[in-house]
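Asks: The amino acid sequence is not available; the structure is as follows:
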C-alpha cells in the first residue's frame, strides 16, 4: 500500500511539473513576472533617489540668476559641505623637514615630511624649479589611487614637466598608499588588506578605514582633505612660493581631491581635475549636496576639467553634462573663458597630452602668458627609482616613524564621543531621555515613517501538516516589496506572533527547521521576511573572492555607501521593512496584535533591535549572534562587521547598549552576542558591555526582563524563548 501511495505521489508531482504548477519549497517570488528583477530592487531604488537628488541640486544651480544669487548660493552650499565634512582640527605645527634632495639640472626634487596633525606624517616630493626667479607659482598635486603613490610614473612626469617650466609642484602620498599604507605589515611587506593585486589595495584601504569612520564622524573625506589643506599651508610657508599663485591638479582619485579641495579652500586660484573620481569613502557627497555643487563652488576661479578617451564613455558624458550645469555660473559672472571641458586621447591617468593642456592653462591663469609651441614638447627621461624619492628610512611611515594612523585618530574620536552620552540617573529622567534618544536614533538611521499602502497579497498557500504555509509579499514603500513566509499553526486564534529576521535570508542556514517550525508547533504565528537587498532580493554577487576586496567593495558595501550619499542608510531602510512586517501581521485575524515579538539572527538582530527600540508594538525581542557594541568596531584596527550596519556618526549619540535600553521595560534577551570579528563574547564581558542597559532596566523596575546569555543549541535557544519571551 505504501509503495502504491508513493508511486501515486510521484505521478502527481510529475503531472504538476509538466503542467508548470510546481513551486520551490521556500522561495516566494519565482514564477511571478512582476518580481523578475528582484535582484535589482535595492540598486534601482537608490538609483532613483540619486537621480532625483542630482536633478534637484542642478535645478538649484540653474535658478541662480544674478551675482547676488550666486554669492548666496555658494555661501549656503559651502556651509553645507563644511557641515558634512565636520570641523577640521586646529592648525598645529607642520614640523616640515627636507630629508633628501636630487639635483636634476633645471629642477631639483626634495623629499619632504610634514605633520598634518601632531605625529600624523605626510610624505611628499617637491619638484623645485632651478631656472627663473622665485617666488614661483605652485601646484598642489594629490595622487590618484595607485599603490605607488607619489612614485607613480604620471606624477613623476607631471612634477618634472611643470618644474622645468617654472612651477613648484608638491606631490604627496594620500593615506593608504605610497609610504603611508595604514595597514602595512612589516612581515608580509605589504598591506594586510591586499588581495594580491596592487591596483586594488588603495581603494580597499580607503573604504575599510572609511567604513570604520562612519560610526564617529560619518566622513573619511575630511581626513583626506585636511592633508591637502596642510599641504597648501606648507607651500605658503616656503619662501620660494608665491602664495597668491597656487593651483591644484590631480587625476583619478587625485582629481576628486582637486575638486573638493578647490571648493573648500579659496587659496587655490586655478583648479584642474583630471579623469576625476574616487572610491566610495573619498566622496563627501551627502543629502543636500551633489558633485555639481562641489564644482560650482570653484566658480568663477579658472576651472579646466579634463577627461580621457580611456575612461568609460558614460562617465565622461555625465561629467560633460555636469560641466554644462556649472558653466551657467561662469556665464553669470561674465567669465565664460575661465572654464573649459577637454577630452584627451589618452588612457586613464595624467598622460602627455593632458600635461601639455594643464601647463597651458596654468600659464594662462597664473602667469598671464601663453606658452610658445616649442615649450610644450616633453623630453623622455628615465623615471626616478622609488628609493630615490622615498622620505622614510624603511619606505613606510608606520615602521620608520610610527605616530598616528587613521585608526588611532578615529579611536580617539570615539573615546571623546563616549563621554557625551549620559544615561538617566533617576526614574523621573527616564521618559525625557527616551524621547530624546529615540529621535537621535531615527535621525542617525534616517528612518522616516512609510505612508505607502501595504498592498499585501498571498502568492501561494499550502497545508504542511502541522501548520499552514503562506507565501506572501507586502510593500514597505511604493516599488519596494518584501517577500515573506507566513507560518500559521493549526490552533484557534488569535495567536502570539513572531517576526523572524535572518542574516542570510529568511530560510538560509536551516533556520526553518531549527527555530521557525518549533515556534509554530508551540502555537506561534511566525513571519519570516527578507528585508530589501537580502535573501530573494539580494543583488547577484559581483565576485566570490575571499579577501578584503570582496568584503568592502561587494554589492552590500557599495550599496551602503550609495545609500549614505543620498541621505538614507541600509540599516534604516531595512528597519522600516521590519516595522512594516508589524503592520502586515496586524492585518491578520490569526494574530493577537498585543503579542508580537521579534527574533533576529546575526545582522537581523540589529534590525529587530532598532525596530523594537523605536516601535513599542514589538512586545519582546531576542537577538542571536548579533554585534554587541559599535565601540568594539572602532576600538580594534581589524574588524569584520559590515558597513551596512553602521549609522552615520552613531557613536556621538548612542552605542548598542543604549539602543537596547530603549526597549525597557519590555523583555529583551541577547544570546551568543558577537564582537567586532564575529567571535562569541564571554558572559562576564557581555555583562560589562551592557551594564548601562541593566542600569536602565533596573531604574524602571524591570531588571528581570533583560538578560545576556549563551546557548549551545537551537533547542536551548527555544527554551530561552519559551521561558523569557513566550506568552
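Replies: Yes, it's here. Because the structure is predicted, anything quoted here is derived from the model rather than measured.

Asks: Run the chain-centre distance for the strand or helix carrying residue 707.
Replies: Element membership for residue 707 (DSSP states H and E) is strand 706-709. Average the C-alpha atoms of strand 706-709, do the same for its chain, and the two points are 32 Å apart (C-alpha atoms, centre = their mean, to the nearest Å).

Asks: Could you work out the end-to-end span of stretch 137-152 for me?
Replies: From its first residue to its last, stretch 137-152 covers 23 Å (C-alpha to C-alpha, to the nearest Å).

Asks: Which stretches in the stretch 1-150 of the chain count as strands?
Replies: In the stretch 1-150 of the chain, strands defined by DSSP state E, counting those that start in this stretch lie at 97-103, 107-117, 120-129, 136-142, listed in chain order.

Asks: Who does the first one pair with, and is each partner parallel or antiparallel?
Replies: On the basis of DSSP bridges, the sheet neighbours of strand 97-103 come out as strand 107-117 (antiparallel).

Asks: Just want the angle from the strand it pairs with to strand 120-129.
Replies: Interaxial angle of strand 107-117 relative to strand 120-129 (axes from the mean of the first three to the mean of the last three C-alpha atoms, to 10 degrees): 160 degrees.

Asks: re the thing from before, the strand holding residue 707: which residues count as buried?
Replies: For strand 706-709, the buried set under the neighbour-count rule, 16 or more other C-beta atoms under 10 Å, comprises 706, 707, 708, 709. (C-beta placed from N, C-alpha, C; glycine too.)

Asks: does the third one have beta-bridge partners, and which?
Replies: Using DSSP bridges, the beta-bridge partners of residue 708 come out as residue 670.

Asks: from memory it sits against residue 690, does it?
Replies: Yes: Residue 708 is within contact range of residue 690, at 5.6 Å (criterion: C-beta atoms under 8 Å).

Asks: Now do the shared contacts for these two.
Replies: Shared contacts of residue 708 and residue 690 (C-beta atoms under 8 Å, 6 or more residues apart in numbering): residue 670.

Asks: Spatially central, which residue of this structure would that be?
Replies: Centroid-nearest residue in the chain: residue 561, 3.2 Å away (criterion: C-alpha atoms, centre = their mean).

Asks: need the contact list for that one.
Replies: Contacts of residue 561 by C-beta under 8 Å, 6+ apart are 207, 280, 281, 283, 643.

Asks: Please list all residues in contact with the fourth one.
Replies: Read that as residue 283. Taking C-beta under 8 Å, 6+ apart as the criterion, residue 283 is in contact with 221, 256, 291, 561, 565.

Asks: switch the cut-off to 6 Å
Replies: For residue 283, no contacting residues are found, by C-beta atoms under 6 Å, 6 or more residues apart in numbering.

Asks: what pLDDT does it get?
Replies: The model reports residue 283 with a pLDDT of 89.

Asks: same check, this time on the last one
Replies: For residue 643, the model assigns a pLDDT of 94.

Asks: What does it show for phi and psi?
Replies: Here is the backbone geometry of residue 643 (degrees, to the nearest 10): phi -60, psi -30.

Asks: surely it meets residue 557?
Replies: Yes: between residue 643 and residue 557 there is a contact at 5.2 Å, judged by C-beta atoms under 6 Å.

Asks: helix/strand/coil for residue 454?
Replies: The three-state label given to residue 454 by DSSP: H, G, I helix; E, B strand; the rest coil is coil.

Asks: Now do the contacts for it.
Replies: With C-beta under 6 Å, 6+ apart, residue 454 has these contacts: 474, 475, 583, 584.

Asks: Weed out the non-buried ones from the residues you listed.
Replies: If you count burial by 16+ other C-beta under 10 Å, the buried members of these come out as 474, 475, 584.

Asks: closest to residue 61 among the residues you listed?
Replies: Distance to residue 61 across the buried ones among the contacts of residue 454 (C-beta to C-beta) is lowest for residue 475, with 34.6 Å.

Asks: Residue 191 and residue 92: what is the separation?
Replies: Look at residue 191 and residue 92: by C-beta to C-beta, to the nearest Å, they are 27 Å apart.

Asks: What of residue 678?
Replies: From residue 678 to residue 92 the distance is 38 Å (C-beta to C-beta).

Asks: do the same with residue 238
Replies: Distance of residue 238 to residue 92, given as C-beta to C-beta: 18 Å.

Asks: residues near the nearest residue to residue 220 once chain neighbours are set aside, how many?
Replies: Once flanking residues are discounted, residue 220 sits nearest to residue 210: 3.4 Å by C-beta to C-beta, 6 or more residues apart in numbering. Counted with other C-beta atoms under 10 Å, the neighbours of residue 210 add up to 26.

Asks: The helix or strand encompassing residue 210: what's the following helix or strand?
Replies: Residue 210 is part of helix 201-214, with elements assigned from DSSP H and E. Using DSSP H and E, the helix or strand that follows helix 201-214 in sequence is helix 221-237.
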